[in-house]
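> only the shape, not the letters, is given here:
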């Protein structure tokens, strides 16, 4: 065999070996398309929770545990069934009698908007509509003139209207404000609490709002319609 013949034979043999190896890899790839490229091309997937279990990133903060609804010892001369609003400590008490009361955490009026006195529940409403009072619109002209009742309504799930004033005890879609002094004079509660209170009281219920340690303002009357 000449030197040229031997060289050609070696080239043919090498080519055959490469072809066989390539066929073997092709067969493996048909069983697992990522087998050959696994070190760099195998896809990865993140586990994603079903959409109905995802917690929104901007979930409102819940009130402090000290504002959790609970039955407590409470000494008062007010008869059972009376609502007492402890403005300085941001608590609402529903007097049960025998030295006991149901206590709820509340949000109250900001500086210049807190008030005190005695009123009564004159109306109750579930998922109430909200029409901002004229005084509020004058101070905050960007407010909507009407918001239909529902989860996005600032009055929340329930409202107890107080006398002929513009004030209410109502729910809120901002539970993080419980314990704060942020409203324009209304008393706000988390929705679960105002629903509970709503179920326990009737129209005519006496409401006593204790004075704040800060400056008071006269209770405004609702505009005549």
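Yes, it's here. None of these values were measured; they are calculated from a predicted model.
> next, work out how far apart the residue nearest to residue 113 when sequence neighbours are not counted and residue 199 are.
If the residues on either side of it in the chain are set aside, residue 113 comes closest to residue 185, at 4.5 Å by CB to CB, 6 or more residues apart in numbering. Heads up, the C-betas are built off the backbone N, CA and C, glycines and all. Going from residue 185 to residue 199 by CB to CB, to the nearest Å gives 25 Å.
> neighbour count: the two, which is higher?
Between residue 185 and residue 199, residue 185 has the larger neighbour count (other CB atoms under 10 Å), namely 23 against 8.
> what does stretch 79-89 contact?
Identification of contacts with stretch 79-89 by CB atoms under 8 Å, 6 or more residues apart in numbering yields 76, 78, 91-97, 101, 106, 108-109, 114, 116, 121, 169, 187, 197, 201, 205-213.
> just the helices from the protein, written as ranges.
Residue ranges of the helices in the chain, as given by DSSP state H, are 3-31, 38-41, 134-139, 191-200.
> got the confidence number for residue 65?
pLDDT, residue 65: 84.
> what is the burial count for it?
Residue 65 - counted by other CB under 10 Å - has 8 other residues nearby.
> which residues does residue 90 contact?
Applying CB under 8 Å, 6+ apart, the residues contacting residue 90 are 67, 105-108, 178-181.
> just the buried residues of those residues.
The neighbour-count criterion (16 or more other CB atoms under 10 Å) marks 67, 105-108, 178-179, 181 among these as buried.
> how long is stretch 73-93 from one end to the other?
Using CA to CA, to the nearest Å, the gap from the first to the last residue of stretch 73-93 comes to 10 Å.
> list the buried residues of it.
For stretch 73-93, the buried set under the neighbour-count rule, 16+ other CB under 10 Å, comprises 74, 82-87, 90-93.
> want to throw the residues you listed into CSV with distance to residue 149?
CSV is the format used below for the buried residues of stretch 73-93 (distance: CB to CB, whole Å):
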residue, distance to residue 149
74, 32
82, 28
83, 22
84, 28
85, 24
86, 28
87, 27
90, 25
91, 27
92, 22
93, 27
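> I'd like these laid out as TSV, including pLDDT and distance to residue 142.
Output for the buried residues of stretch 73-93, formatted as TSV (pLDDT from 0 to 100; distance: CB to CB, whole Å):
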residue	pLDDT	distance to residue 142
74	98	41
82	98	38
83	98	33
84	98	35
85	98	29
86	97	33
87	95	28
90	97	27
91	98	32
92	98	30
93	98	36
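> tell me which two of the residues you listed sit farthest apart.
Greatest spatial distance in those: 82 and 90, 18.3 Å, computed using CB to CB.
> which residue ranges make up the domains of the chain?
What automatic domain parsing lists as the domains of the chain is 1-56, 65-209.
> which stretch in these has the least confidence?
Minimum mean pLDDT among the domains of the chain: domain 1-56, a mean of 41.
> now the longest strand seen in the chain: buried residues?
Ordering each strand of the chain by length in residues (DSSP state E) puts strand 117-126 first. Residues of strand 117-126 classed as buried: 119, 121, 124-125 (neighbour count, 16+ other CB under 10 Å).
> now the two most distant members of those residues.
Applying CB to CB across the buried residues of strand 117-126, the maximum distance is between 119 and 125, 16.2 Å.
> and residue 81, how far from residue 74?
Remark: distance between residue 81 and residue 74 (CB to CB) = 13 Å.
> count residues in the vicinity of the nearest residue in space to residue 182 that is not next to it in sequence, would you?
Nearest residue to residue 182, sequence neighbours excluded (CB to CB, 6+ apart): residue 110, at 5.4 Å. By other CB under 10 Å, 14 other residues sit near residue 110.
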